[in-house]
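Enquirer: no sequence for this one, just the structure:
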Ligand SMILES: C[S@@+](CC[C@H](N)C(=O)[O-])C[C@H]1O[C@@H](n2cnc3c(N)ncnc32)[C@H](O)[C@@H]1O
């Protein structure tokens, strides 16, 4: 399973069956090595996983009845499941399901029902395989391409993962067909270097076009990165000087450095996402406050905040700012009554420019007494904001509802904290803002 966790951490393809096996393997670790009962495992919460603390060479995870100490390796396995498998299961889940806090989910996105049966299945599968295995397959030799076609990968996942299948002899490969195998061996990254000629030849890729393609993809990646770095919150096309400064900051890039012109050419205006105000899923999520892929986490010096537990794509709706919608005037009066505690009042302009306020001060809210409403927990950052608020009028069954949705400004990775720009600066409120130590302007 070490091979599987390596592939998962490197974002390489892993067949669904192997992912299920890997989840069972994590369950088996908790059951067999740490003697946790299935009921405790089923109850394990995302929050408990996120709140794990390092102790010596391992980590302590609080569980419903006590705690468990995992080794670094075991932590790595469980984290691989959490970061690379669970988010996929979350995608499958219908909005009615309440997935949000369970660590172990089934492929349907719902909480895992029978960990014992899962572990048993895994055990039987491997015992059977060991009994059936004839003689060990030959080890791959150097100068061979060790990448079976993807159909073979589906049928016999462990062969691919342990790289024990008989190697395919080197042939002159057409570029597009085998690019995947090349990229697996030499992933294209923002800061990496292309493989040397010797490495390429050793891996069985004689054709120089792979090398050039690698560089071209890295160039595109870098151009896109500089576009993002040099475009400010106004979303307007950046001036050449700003692009030049953003490029100059990347001192580690010594070759394959994008030119200012190529960045300006690649720049396109940021598209306002067109939200479907009749979307039943969106409406259900707002009404029932069931948002996928989010978890609350405690941050030192910030209090609570929200992290992503699945990937969010640019322009995807993350959650809403849930609370009581009142007039701006009413909101200001409520603000006056606050004495030093954090404010959860969101002022905005509703449909037709009407000044409104969403009051999320009360927790839990009356309409969802058993729920963590995520929007109110999002912290501020001007510099590292990755979501932005957008006002919409949703066509809910009981009539139009004024809403503020948080939209991903870019690709958001798992475990990343969700941050939005509150629009407050140190100079705000006639300079009163300078007392707010957490502002990063
Ligand atoms: C809407 S609440 C955000 C959630 C809040 N952290 C909590 O625990 O519920 C706003 C308050 O969070 C805190 N906060 C927001 N962003 C912060 C940041 N970047 N660093 C530290 N505190 C922050 C401030 O106290 C602010 O008044």
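Expert: Ah, there it is. Treat the numbers as computed from the prediction; the structure is a model and nothing was measured.

Enquirer: And what about residue 265, helix, strand or coil?
Expert: Three-state call for residue 265 (DSSP: H, G, I helix; E, B strand; the rest coil): helix.

Enquirer: just residue 406 next, same as before
Expert: Under the three-state scheme (three-state DSSP), residue 406 adopts strand.

Enquirer: Residues in a beta bridge with it, which ones?
Expert: Assessed by DSSP bridges, residue 406 has beta-bridge partners residue 319, residue 389.

Enquirer: which bits of the protein sit near the ligand?
Expert: Residues of the chain lying close to the ligand by Cβ under 6 Å from any ligand atom are 301-305, 342-344, 376-377, 379-381, 438. Every residue, glycine included, has its C-beta placed from N, CA and C.

Enquirer: Sort out for me which of these are in strands.
Expert: If you go by DSSP state E, the residues of the chain next to the ligand have 303, 304, 305, 379, 380 in strands.

Enquirer: Closest one of the residues you listed to residue 244?
Expert: residue 380 (30.0 Å; Cβ to Cβ).

Enquirer: mind listing what the closest one touches?
Expert: Neighbouring residues of residue 380 by Cβ atoms under 8 Å, 6 or more residues apart in numbering: 419, 420, 421, 422, 424, 438, 439, 440.

Enquirer: Could you list everything it pairs with in the sheet?
Expert: Taking DSSP bridges as the rule, residue 380 bridges to residue 420.

Enquirer: would a markdown table of the ones in strands among the residues of the chain next to the ligand with distance to residue 63 be doable?
Expert: A markdown table is the format used below for these (distance: Cβ to Cβ, whole Å):
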| residue | distance to residue 63 |
| --- | --- |
| 303 | 24 |
| 304 | 21 |
| 305 | 23 |
| 379 | 28 |
| 380 | 33 |
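
Enquirer: Return the member of those nearest to residue 290.
Expert: Residue 290 has its nearest neighbour among these in residue 304, at 18.9 Å by Cβ to Cβ.

Enquirer: so where's the protein uncertain?
Expert: Within the chain, the ranges that satisfy pLDDT under 70 run 2, 93-100, 127-180, 184, 233, 270-273, 429-433.

Enquirer: what's the nearest residue to the residue in the stretch 151-300 of the chain that the ligand sits nearest to if we skip its chain neighbours?
Expert: Nearest to the ligand, among the residues of the stretch 151-300 of the chain, is residue 299, at 7.4 Å (Cβ to the nearest ligand atom). Spatial nearest neighbour of residue 299, excluding adjacent residues (Cβ to Cβ, 6 or more residues apart in numbering): residue 305 at 4.7 Å.

Enquirer: Neighbour-wise, which one of the residues of the chain next to the ligand leads?
Expert: Using other Cβ atoms under 10 Å as the neighbour criterion, residue 376 leads those with 23 neighbours.

Enquirer: correct me, but that one touches residue 322?
Expert: Yes - Residue 376 is within contact range of residue 322, at 7.0 Å (criterion: Cβ atoms under 8 Å).

Enquirer: Can you work out which residues contact both of these two?
Expert: residue 360.
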